[in-house]
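**Student:** give me a 3D structure for the following:
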Amino acid sequence: MPTTSYSQRELLDEFKITDPRIRSVFLNSAIERRGLSLPPLDADGIRQTESQGALLRKHVTNGLAMGRRAAEACLADAGATLSDVRYLCCVSSTGFITPGFSALLIKELGISVHCSRLDVVGMGCNAGLNALTAVSGWAASRPGELALMICIEACSAAYVFDGTMRSSVVNSLFGDGAAAVAVMSGGDAPAGPRLLRFASCIIPEAVDAMRYDWDDDQGKFSFYLDQDVPYVVGAHAGLALEKLLDGSQLRRTDISHWVIHSGGKKVVDSVRANLGLSRHDVRHTTGVLRDHGNLSSGSFLFSYQRLLAERRAEPGDYGVLMTMGPGSTIEMALVAW
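**Tutor:** Sure, this is the predicted structure:
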């Protein structure tokens, strides 16, 4: 996480927002706090307007700092070191840089210059599972070699402050954060759940429902969320799950653990209703949303970390990882302990 965090009410006060409609969006979001890097203050104590260049620098600086901490914590937890990393995949949608985070982190962390790498950029909140598909494929073809995936999202670098309800909804939702996961195949792999299969479901008719594109009026990139996104995603969640479980001899009731992207209160509620899940099933999803907001591609890994910390998953249990994002797209993975 970044070094600074704010409650929703603190953010409203920081930006002197008095519009009751916007305040209601923030205060009824099921989010309590978010890690953010706010614009600097001017001489009058007002938050400055950041240029696209300043936002891009924030994306790089904050992203590298969070990504490094996430990578080091992940490897320590896995009993591995930076010298063990043979494949590095970095995921981000909050800025566009070349070379990408993978090259910058290899240099900063001192990872082997022969490390294979991949940058997954611009795929949005579902990208963590898109990337994990590639990472698991690489690991499966090289037993005993360690692959590391890092989701780096400096959402503070993707904000527009124009006073519109569209931007206010986005600004009420996203937080900064990075998460890493280590993947290995073969008999020497550390104990952990196995990635069994992946499934994807794109909804072409909703391709414009979630967009990060250029705003001529503001002179910077701006994120757009259609108000119907929660219902579109929820309506297709069952189809995605059916595809994931097809041929596995498993049913929805055989799934003990659900790790779902913290996309927002309405999104989570819609997915829960359409899949017939209990509040307990999505406790980590709603907990991450409450404590950190929507962390984009890394959200599901924050929920996964909480599930592991519970130590309730037992051998023979099955779990589903689920992310949703632009496309509109639903990604799923089936795991077994």
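
**Student:** burial measure for Gly186, as a count.
**Tutor:** Gly186 has 11 neighbours, counted by other Cβ atoms under 10 Å. In this view, the C-beta of every residue, glycine as well, is placed from N, C-alpha and C.

**Student:** which strand or helix spans Lys266?
**Tutor:** Assigned by DSSP states H and E, Lys266 falls within helix 265-275.

**Student:** quick check: the gap between Leu27 and Arg21.
**Tutor:** According to Cβ to Cβ, to the nearest Å, Leu27 stands 11 Å off from Arg21.

**Student:** what do you get for Ala336?
**Tutor:** 46 Å.

**Student:** so these two - more neighbours on which side?
**Tutor:** Ala336 (15 against 8).

**Student:** I'd like to know how far the more buried one sits from Val288.
**Tutor:** 23 Å.

**Student:** next one: Ala127
**Tutor:** Ala127 is 17 Å from Val288, by Cβ to Cβ.

**Student:** tell me which of those two has more neighbours.
**Tutor:** More crowded of Ala127 and Val288, by other Cβ under 10 Å: Val288, with 28 against 25.

**Student:** quick one: the helices in the stretch 51-200 of the chain?
**Tutor:** 52-78, 101-109, 127-141, 165-171 (DSSP state H, counting those that start in this stretch).

**Student:** what of the stretch 201-337 of the chain?
**Tutor:** 229-245, 265-275, 283-292, 299-310.

**Student:** please spell out which residues along the third one are buried.
**Tutor:** Going back to what we said before, that points to helix 283-292. 284-286, 288-289, 291-292 (16 or more other Cβ atoms under 10 Å).

**Student:** do the same with the second one
**Tutor:** Applying a neighbour-count criterion of 16+ other Cβ under 10 Å, one finds 265-272, 274-275 buried in helix 265-275.

**Student:** go on, stretch 220-237?
**Tutor:** Buried residues in stretch 220-237, defined by neighbour count with 16+ other Cβ under 10 Å: 220-225, 229-230, 232-234, 236-237.

**Student:** ditto for stretch 188-199
**Tutor:** Quick answer for stretch 188-199 (16+ other Cβ under 10 Å): 189, 193, 195, 197-199.

**Student:** same thing with stretch 164-179?
**Tutor:** Those would be 167-179, for stretch 164-179 by 16+ other Cβ under 10 Å.

**Student:** tell me the span between the first and last residue of that stretch.
**Tutor:** Terminal residues of stretch 164-179 are spaced 31 Å apart (Cα to Cα, to the nearest Å).

**Student:** that stretch - what's its average pLDDT?
**Tutor:** Per-residue pLDDT over stretch 164-179 has a mean of 91.

**Student:** got it, and stretch 124-142?
**Tutor:** Average pLDDT, stretch 124-142: 97.

**Student:** ok, Cys155 - how many residues close by?
**Tutor:** Residues near Cys155, counting by other Cβ under 10 Å: 27.

**Student:** chain neighbours aside, what residue packs nearest to it?
**Tutor:** Spatial nearest neighbour of Cys155, chain neighbours left out: Phe174 (3.8 Å); criterion: Cβ to Cβ, 6 or more residues apart in numbering.

**Student:** thinking again about what came up before, would you format the buried residues of stretch 164-179 as a markdown table with distance to Ser136 included?
**Tutor:** Below are the buried residues of stretch 164-179 laid out as a markdown table (distance: Cβ to Cβ, whole Å):
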| residue | distance to Ser136 |
| --- | --- |
| Ser167 | 37 |
| Ser168 | 38 |
| Val169 | 34 |
| Val170 | 31 |
| Asn171 | 34 |
| Ser172 | 34 |
| Leu173 | 29 |
| Phe174 | 27 |
| Gly175 | 27 |
| Asp176 | 26 |
| Gly177 | 22 |
| Ala178 | 20 |
| Ala179 | 16 |
